[in-house]
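Q: below is the structure, and that's it, no one-letter string:
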């Protein structure tokens, strides 16, 4: 009863906040339109928009999901964008004028993509998927021509991708996750998240469904793991199908959420017999699975044999959809795709803790503890599908910042450093696709990559945006974030963010300390002047100046608490490294 009372109190507070936001926030009253909708932007800049290419949209139905843009992968200046009709490859070396390299037709579902070297991986789950990538589909209920699983392409020539492997799975691949094993450069693993019904055994041998108590070989209640020899991708094969949902004490396969509502006034959730997304963080040996009725934590130190170590249930979640770790691995964000992504779920009548993010702390014992919810703070119209969806970290040192897609709720950038008090710091949004009806549209994904934000707009194409300095995010913090340059990014594969020893990183920490009270303002102003002056020095004079500043930061760290203590310790370490650099 206390939990339900506290949730009602939280809901009332959030509804009040949303009502106040609606009165002031321009996102609440944007004009509708397909390619000419009104827009609102705060602390961001839209650099470019590129519509979907020919063959990747239906001009007679702007909401046709058969041609919707989906998820991203990145390599160098190349952007790989999935689509229900296949995938697109864009050259974004000039972010203000990206150019299309290839629009590769290959239908079969939402077509999520990942890249590793010269290999591209693509999820296929829809019944129209064919082994040969043909657009004519498959009409027979059981056919050797049908493909559901993970395709592998050689993309050595970006203009002419070539399929080199196609691994069939019993439930297809709604999404997938690349999982490297640290220290092993010869192979990579693919976790397959299938969410469709089980295929007939006449189409794929060994595929049977049913309750595990009656059929212990059921294709439900498991994931598949594909091993890919990188030098011989054509030999990719399934090497394990772990029952990650089994009860650890009894071995009962269906050991997690059994489906149904959690009580009066709560959400109804399907049985946990699948994962929608699994996000892995190999450097800390953990994965977070968003798995229908549960959020789960996996030990992936042996990536071919993941084991479940914790699970959580939330009465406000309808469908656990995706997950993102903080860089230190101490926090995880789960998203709830209430309404399946195609319904209006951000209206002023919708409960704000439904279709939201839920944030959990991960303790030293690797157990998850709920900390808070976040949902965009402005209502959307009944003509806009809106719910929490895909996002990634923005690499600002000393803070946990998240950029995220909300379908037609737009893109929102938030600070979740304190997971109990999430704060929005920037946004971009367009009006509804149409004034008189709901067409599925909006942002499927929004990710930070090498200094910019890339948005996959379901109906309106590829967007590239830049964050701008504000009272919430300083110029130094943005400069420090842009120092993080990655060669390849697959959003469900997190890697540890490491900042170089650079004055912008040190100045970012100082800007953050200026927002708090751990260091007296006058002392911090003097410190900032000395830090700016140290950039003029070289040799032993430079090292001495930075070491003195590091000593002062360490002294303050000894008296500070909480996040400021961490920032001061990191500042001291950064200053010593700058001083030691040649």
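A: Everything's here; your move. None of these values were measured; they are calculated from a predicted model.
Q: which stretches of this structure form helices?
A: If DSSP state H is used as the criterion, the helices of the chain fall at 2-24, 475-482, 503-514, 521-534, 539-559, 562-580.
Q: how about these in CSV, adding distance to residue 397 and mean neighbour count?
A: No exception for glycine: its C-beta is placed from N, CA and C like everyone else's. Written out in CSV, the entries for the helices of the chain read as follows (distance: least, CB to CB, whole Å; neighbours: other CB atoms under 10 Å):
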stretch, distance to residue 397, mean neighbour count
helix 2-24, 29, 13
helix 475-482, 5, 20
helix 503-514, 5, 22
helix 521-534, 15, 14
helix 539-559, 14, 17
helix 562-580, 7, 20
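Q: so can I have CSV of those helices showing distance to residue 250 and mean pLDDT?
A: Formatted as CSV, the helices of the chain follow (distance: least, CB to CB, whole Å; pLDDT from 0 to 100):
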stretch, distance to residue 250, mean pLDDT
helix 2-24, 27, 45
helix 475-482, 47, 98
helix 503-514, 48, 98
helix 521-534, 57, 97
helix 539-559, 48, 96
helix 562-580, 41, 97
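Q: run a quick neighbour tally on residue 517.
A: The local packing count at residue 517 equals 9, with neighbours defined by other CB atoms under 10 Å.
Q: quick check: the gap between it and residue 569.
A: When CB to CB, to the nearest Å is applied, the distance between residue 517 and residue 569 equals 18 Å.
Q: also residue 518?
A: In this view, residue 518 and residue 569 are 12 Å apart by CB to CB.
Q: run through the chain and note the low-pLDDT ranges.
A: Scanning the chain with the threshold set as pLDDT under 70 gives 1-23.
Q: make it 90
A: Low-confidence regions of the chain, defined here as pLDDT under 90, cover residues 1-24, 54-66, 211-213, 247-255, 582.
Q: show me the one of the helices of the chain that comes nearest residue 192.
A: Nearest to residue 192 among the helices of the chain is helix 475-482; the distance by CB to CB comes to 32.7 Å.
Q: give me the spatial nearest neighbour of residue 388, chain neighbours excluded.
A: The shortest distance from residue 388 to any residue other than its chain neighbours is 3.9 Å, reached at residue 335 (CB to CB, 6 or more residues apart in numbering).
Q: so what's the spatially closest residue to residue 542 that is not a sequence neighbour up against?
A: Nearest in space to residue 542, with sequence neighbours left out and distances taken as CB to CB, 6+ apart, is residue 579 at 6.0 Å. Residues in contact with residue 579, defined by CB atoms under 8 Å, 6 or more residues apart in numbering, are 542, 543, 544, 545, 546, 547, 550.
Q: ok, now residue 175?
A: The neighbourhood of residue 175, defined by CB under 8 Å, 6+ apart, consists of 71, 110, 112, 123, 193, 276, 277, 492.
Q: quick one: the fourth one and residue 174 touch, right?
A: Yes. Taking CB atoms under 8 Å as the definition, residue 123 is a contact partner of residue 174 at 6.3 Å.
Q: settle it for me: which of those two has more neighbours?
A: Here residue 123 and residue 174 are set side by side on neighbour count (other CB under 10 Å), and the busier one is residue 123, at 30 against 22.
Q: contacts only, for that one.
A: Residues touching residue 123, when contacts are defined by CB under 8 Å, 6+ apart, comprise 82, 109-113, 150, 172-176, 192.
Q: list just the nearest of the residues you listed to residue 65.
A: Of all those, residue 65 sits closest to residue 110, with 8.6 Å by CB to CB.
Q: gap between that closest one and residue 287?
A: Following CB to CB, the distance that separates residue 110 from residue 287 is 21 Å.
Q: between these two, point out the one with more neighbours.
A: Taking other CB under 10 Å, residue 110 and residue 287 do not tie; residue 287 has more neighbours (29 against 22).
Q: that one bridge partners, please.
A: Residue 287 forms beta bridges with residue 280, residue 298, as assigned by DSSP bridges.
Q: hmm, back to that, can you count the residues close to the residue nearest to residue 388?
A: Other residues near residue 335 number 29, with proximity taken as other CB under 10 Å.
Q: ok, now residue 34?
A: The tally of other residues near residue 34 (other CB under 10 Å) stands at 17.
Q: all further residue positions should be reported with the first residue as 6.
A: Shifting the count to begin at 6 puts that one at residue 39.
Q: setting the sequence-adjacent residues aside, check what's closest to it.
A: Once flanking residues are discounted, residue 39 sits nearest to residue 67: 5.1 Å by CB to CB, 6+ apart.
Q: tell me the contacts of the one you found?
A: If you count contacts by CB under 8 Å, 6+ apart, then residue 67 has 39, 438, 439, 444, 446, 464 around it.
Q: quick one: it from residue 449, how far?
A: Plainly put, residue 67 is 15 Å away from residue 449 if you go by CB to CB.
Q: got it, and residue 369?
A: Distance of residue 369 to residue 449, computed by CB to CB: 36 Å.
Q: higher neighbour count, these two?
A: residue 449 (25 against 6).
Q: test my guess that the more buried one contacts residue 86.
A: No. Using CB under 8 Å, residue 449 is not in contact with residue 86; the gap is 9.6 Å.
Q: who touches both of the two?
A: Jointly contacting residue 449 and residue 86 under the rule CB under 8 Å, 6+ apart are 74, 75, 76, 461.
Q: of these - the most surrounded one?
A: Neighbours were tallied for each of the shared contacts of residue 449 and residue 86 (criterion: other CB under 10 Å), and the maximum of 29 neighbours falls on residue 74.
Q: partners of that one in the sheet?
A: What pairs with residue 74, by the bridge criterion (DSSP bridges), is residue 88.
Q: so who does it touch?
A: When contacts are counted by CB under 8 Å, 6+ apart, residue 74 is found next to 57, 61, 86, 87, 88, 449, 461, 462, 463, 464, 466, 467.
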